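Q: Generate a structure from the sequence data that follows.
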Amino acid sequence: MADFKNTSALVWLLSGILSLAGCTSSQDPNYAWLASLAQGGTPAPAPTGTTDFNVSVQDTSAPVDFAFDTTRTLNVNVQVIDPVAPVNGSLVQLTIPSATPGAANYRSVFTAYTNTSGQVTGSFTVDGDTKTVHMQVQAYGKFYDVDINIAQVSVIDRRISISFTAVETLLIDTDGDGVPDVNDAYPTDPTRAFIVRIPAENYYSIAFEDLFPKEGDSDFNDYVVRAHFEEDLNAHGGVARVRGYFTHVAKGASYSHTLHFGLPTAANVGSYTLTQLGYDGTTVEQTLTGTGPTLTNLQLLGNSSTTIPSWNSRKTDTFQIGKTANLEVILTSPISTTDLGAPPFDTYLHVINTNKEIHAAGKYFDANGADLYRDGTGFPWFLLVPGNFKWPYETVNIRISYPQFQPWYQSLGTADLDWYRTPNTSEVYPVPQ
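A: Got it, this is the predicted structure:
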């Protein structure tokens, strides 16, 4: 290894990389298995052999206040120990199956290396009707694999004891962050190592009613934006950067609006870059930069009368895509995914005509604890829906457009979790992908 002018990391025999020979020989089955786990890859069969893992399961569930959530955020606490000490540098990864035909079989929702206490902590977000995640822990070249039913789980809490130890092996780690280059999405940047996309594939549709504080007609097409997010994580799962991508797709209202964004729990914002694009999604109309230390009310998209060429909500409308905003936020120090919170963070609408803001339910409360963004019947003005939400036609109540919607919220989110996947097709706008 003396010929390399790179920093080398002492890492355990894990991550499917069992030796330096594995780094140079694509014939090594362990290396082939590891290479298959590259971002977006399709896992090949793992090497076989005795696992020698003993697992203490302390998963817990806790009641969650229903706030018209269509996603779920779960906490993770995993510790890996061997007969001598905690295992520093064991990779813990959680994946879900891909729902996209022809796509890679699995998508990562959580990735981190254990710290000197053998521990990883954090959180991940999945669609509300996701029932299973797959967890893999890699230590000393062996693999503990298990499917976890998360239907009733809010915290994945596991202590994994292994009955063996192994010698250390030098692997190339250019940036010295403890993550070998072969596993590092940013091999020359020690502040970040992994990319997590949220949602894992496709995007969220964020739909607003704009008559706040008055009750609306519940067609949830007054303003609709598609969004997805990326988080750059360091070796131990701390968030170093956040990116958001937003495209305006409907304006079924006479009012005008602006779209805004905040990271209210992050007091360590170093800088941000906002790029606003034209209708073609590529032409740069404006680039804005700014600094922290906080980010609470950044305007992403301008007056909605100028950011979309069609209502995209009436039966006579031909769908036309609106303008796009891309945002990157660089944090001065990593923040845990649990402390940062889940996307879409605080993405909200400002209604120009009424000078009112519309936020998601469950975020802001008055002095008596009442949710500021639910009407007198407990109904919100904001919905986040996974995937290609076909919003109701103009003036059609969402309860009619989606027959399972009312049973879902009346059950406080315990039944009909997939309500948004089965619309009454004659009552929704035929939104293309």
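Q: Please tell me I have it right and T354 contacts A253.
A: No. Counting by CB atoms under 8 Å, T354 does not reach A253; the two are 11.4 Å apart. C-beta coordinates here come from the backbone N, C-alpha and C atoms, glycine included.
Q: Determine the residues that are contacts of both of the two.
A: Common contacts of T354 and A253 (CB atoms under 8 Å, 6 or more residues apart in numbering): D210.
Q: For the two, indicate the residue with more neighbours.
A: Neighbours per residue, other CB atoms under 10 Å: of T354 and A253, the larger number sits with A253, 22 against 15.
Q: got a list of what the more buried one touches?
A: Residues near A253 by CB under 8 Å, 6+ apart: D210, N221, D222, Y223.
Q: which helices and strands does the helix or strand where Q93 lies pack with?
A: Taking DSSP states H and E as the criterion, Q93 maps to strand 91-97. Strand 91-97 sits against strand 71-81, strand 106-113, strand 119-127, strand 132-139, with contacts defined as 3 or more CB pairs under 8 Å, 6 or more residues apart in numbering; DSSP states H and E.
Q: Starting from that strand, tell me which strands it pairs with and how they run.
A: strand 106-113 (antiparallel), strand 132-139 (antiparallel) (DSSP bridges).
Q: In PDB, could you pull the C-alpha coordinates for stretch 392-404?
A: Provided in PDB are the C-alpha atoms of stretch 392-404 (Å, rounded to 0.1, in the frame of the first residue of the first chain):
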ATOM      1  CA  PRO A 392     -59.600  16.300  -7.200                       C
ATOM      2  CA  TYR A 393     -61.200  18.200 -10.000                       C
ATOM      3  CA  GLU A 394     -62.100  21.800  -9.200                       C
ATOM      4  CA  THR A 395     -64.700  22.000  -6.300                       C
ATOM      5  CA  VAL A 396     -64.900  18.200  -5.900                       C
ATOM      6  CA  ASN A 397     -64.400  17.300  -2.200                       C
ATOM      7  CA  ILE A 398     -61.500  14.900  -1.600                       C
ATOM      8  CA  ARG A 399     -63.900  12.600   0.300                       C
ATOM      9  CA  ILE A 400     -65.700  11.900  -3.000                       C
ATOM     10  CA  SER A 401     -62.500  11.700  -5.100                       C
ATOM     11  CA  TYR A 402     -60.900   9.200  -2.700                       C
ATOM     12  CA  PRO A 403     -63.500   7.000  -1.000                       C
ATOM     13  CA  GLN A 404     -61.000   5.600   1.500                       C
END
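Q: Just the residues contacting that stretch, thanks.
A: With CB under 8 Å, 6+ apart, stretch 392-404 has contacts from 217-221, 252, 311, 313-315, 383, 390-391, 405-406, 416, 418-420, 422-424, 427-429.
Q: before we move on, back to that, looking at the helices and strands packed on strand 91-97, which is nearest to G281?
A: G281 lies closest to strand 106-113 among the helices and strands packed on strand 91-97, at 23.3 Å (CB to CB).
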